[in-house]
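Colleague: Just need the structure, nothing else, for what follows:
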Amino acid sequence: MLIQLTDRLAVPLRDRNVILNAAGYAAHFPQHPLTAPELQAAREAIERILHGHLPHPALAVDRHWTLLSANMAATALMTGVAPHLLAGDANVLRLSLHPEGLAPRILNLEEWRNHVLDRLGHEIERSADPTLSILMDELSAYPVPKAGRHRRPTPKQHQDIAVPLRIQSDAGPLSFLSTTTVFGTAVDVTLSEVAIEAFFPMDAETARTMMNMRSLGAGI
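Modeller: Here you go, the predicted model:
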């Protein structure tokens with residue numbers, strides 16, 4: 001009954017195990033490290049997706065936004081960030097908003113910052129995850145962009161669609177629309193919490209620039 005109820009309520013697999021344990025039952029859903037042999041096929045699928053998304057950026061993260069893998073375009077976007085932000089378990093949201101990360105190059109930083117914090121806030125409300133709460137406190141304490149600085153509003157035709165990532169690169173300004181992909185049939189806790197963040201060109205200029213970079217075999 002508990003398994004069927006939590007399934008109908010779309011409770012995350014990790015929390016389903018907690019509920020089962022609290023009711024006196026053994027955990028039902030396995031949990032393996034992503035490096036385990038059992039998840040080799042999943043790891044290969046992740047890498048194929050990331051590589052197949054080239055020339056556009058794509059990366060894989062876990063439930064705490066820890067970077068698991070990234071394609072060459074995403075890695076190129078991280079060029080110039082402080083080395084300590086990439087050391088160990090790099091956090092994608094920290095990379096995005098940290099003053100020594102991508103923040104100085106994000107053209108719509110105020111808009112993007114609000115989007116990231118809103119999304120993180122929703123995840124905290126849903127999961128009550130203490131690690132995400134600590135991350136929220138850290139990100140919220142980063143300097144808020146001054147009025148007028150890094151404030152290039154999203155073009156009107158895109159305002160009702162999505163919040164883009166508008167970032168300065170060596171090839172000029174780039175605008176991306178992000179999408180999130182998850183494993184819809186995962187029965188392993190770890191795999192169910194992996195998300196692939198893929199970025200698509202928001203405008204024709206960005207699409208042309210990315211294709212040119214690919215044809216030249218160059219980074220962003």
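
Colleague: Only C-alpha atoms from now on, for both contacts and neighbour counts.
Modeller: Noted.

Colleague: By residue count, what's the longest strand in this structure?
Modeller: strand 172-182 (DSSP state E).

Colleague: what bits of the chain have low per-residue confidence?
Modeller: Applying pLDDT under 70 to the chain picks out residues 145-161, 214-220.

Colleague: where along it do the strands fall?
Modeller: For the chain, strands defined by DSSP E occupy the ranges 58-61, 67-70, 165-169, 172-182, 195-201.

Colleague: winner for burial among those strands?
Modeller: Neighbour counts (mean count of other CA atoms under 10 Å) averaged over each of these peak at strand 58-61, with a mean of 24.

Colleague: Which residue ranges of the protein form helices?
Modeller: Using DSSP state H, the helices of the chain run over 2-8, 13-22, 40-52, 72-77, 83-86, 92-97, 109-127, 130-140, 189-192, 204-216.

Colleague: picking up where we left off before, output the contacting helices and strands for the longest strand of the chain.
Modeller: Using 3 or more CA pairs under 8 Å, 6 or more residues apart in numbering; DSSP states H and E, the elements in contact with strand 172-182 are strand 165-169, strand 195-201, helix 204-216.

Colleague: From A70, how far out is the spatially most central residue of the chain?
Modeller: Central residue of the chain (CA atoms, centre = their mean): E197, 4.8 Å from the mean position. To A70, E197 is 9 Å away according to CA to CA, to the nearest Å.

Colleague: got any residues that touch both of those two?
Modeller: By CA atoms under 8 Å, 6 or more residues apart in numbering, E197 and A70 have these common neighbours: A58, L59, A60.

Colleague: G172 bridge partners, please.
Modeller: According to DSSP bridges, the partner residues bridging G172 are S169.

Colleague: how much space is there between it and V61?
Modeller: Taking CA to CA as the measure, G172 falls 27 Å from V61.

Colleague: domains in this protein, as residue ranges please.
Modeller: Using automatic domain parsing, the domain ranges for the chain come out as 1-30, 32-216.

Colleague: Please work out which of those is packed deepest.
Modeller: Using mean count of other CA under 10 Å, the stretch among the domains of the chain with the largest mean neighbour count is domain 32-216, at a mean of 16.

Colleague: roughly how far out does that domain sit from the chain middle?
Modeller: With CA atoms, centre = their mean, to the nearest Å as the basis, domain 32-216 stands 4 Å off its chain's centre.

Colleague: circling back to that earlier point, kindly reformat the helices and strands packed on strand 172-182 as a markdown table containing distance to E138.
Modeller: Listed next are those as a markdown table, based on distance: least, CA to CA, whole Å:
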| stretch | distance to E138 |
| --- | --- |
| strand 165-169 | 21 |
| strand 195-201 | 22 |
| helix 204-216 | 32 |
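
Colleague: so which of these gets nearest M1?
Modeller: The closest of the helices and strands packed on strand 172-182 to M1 is strand 195-201. By CA to CA, the value is 28.7 Å.

Colleague: This completes my enquiry, with thanks.
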